[in-house]
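Colleague: predicted coordinates and the sequence they were generated for:
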Amino acid sequence: MVIALLSVELHIPHAQSLKDKRMVLRSIKDRLKKFNVAVAEVEHQNLWQRAGLGVVAISTTTEHVDRELAAVADEIERIEPGLVTRTEVEFLT
């Protein structure tokens, strides 16, 4: 069993309130439902223009989890181009 965590940091320059930020994050989370992953906002909950998402995937092989999380990172960049400031994958095996 392989568990991996994708940490994604976002900068949302057009957000003028927490409501604006939540709309962007809700859009991202809704689009990621097609992947077999769990998504949560884990950092910067009270800041308007920053967000930290945690995306977790589990599988039997490292390669499968790595491909799945790479696809998730690509999808976030496709949905909201230019907002991703940092991504990091950590394997929790």
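Modeller: Arrived safely, thanks for sending.
Colleague: all strands of the protein, in order?
Modeller: Counting by DSSP state E, one finds strands in the chain at the ranges 2-11, 38-43, 50-59, 84-91.
Colleague: nearest to Arg26, of those?
Modeller: The closest approach between Arg26 and any of the strands of the chain, judged by Cβ to Cβ, belongs to strand 38-43 at 10.0 Å. (C-beta placed from N, C-alpha, C; glycine too.)
Colleague: hey, what's Val84 bridged with?
Modeller: On DSSP bridges, the residues paired with Val84 through beta bridges are Leu10.
Colleague: settle this for me: it is touching Asp74, isn't it.
Modeller: No - using Cβ atoms under 8 Å, Val84 makes no contact with Asp74, being 10.0 Å away.
Colleague: neighbour-wise, which of those two wins?
Modeller: The neighbour count for Val84 versus Asp74, taken as other Cβ atoms under 10 Å, is higher for Val84 (15 against 10).
Colleague: contacting residues around that one?
Modeller: When the contact criterion is Cβ atoms under 8 Å, 6 or more residues apart in numbering, the partners of Val84 are Val8, Glu9, Leu10, Ala73, Ile76, Glu77.
Colleague: ok, the third one - contacts?
Modeller: Residues in contact with Leu10 (Cβ under 8 Å, 6+ apart) are Val24, Arg50, Ala51, Gly52, Leu53, Ile76, Glu80, Leu83, Val84, Thr85.
Colleague: quick one: which of these is nearest His64?
Modeller: Proximity of the contacts of Leu10 to His64, judged by Cβ to Cβ, is greatest for Ile76, which lies at 19.1 Å.
Colleague: against Ala70, how distant is that closest one?
Modeller: Using Cβ to Cβ, to the nearest Å, we find Ile76 at a distance of 11 Å from Ala70.
Colleague: so those two - more neighbours on which side?
Modeller: When Ile76 is set against Ala70 and neighbours are counted by other Cβ under 10 Å, the residue ahead is Ile76, at 22 against 13.
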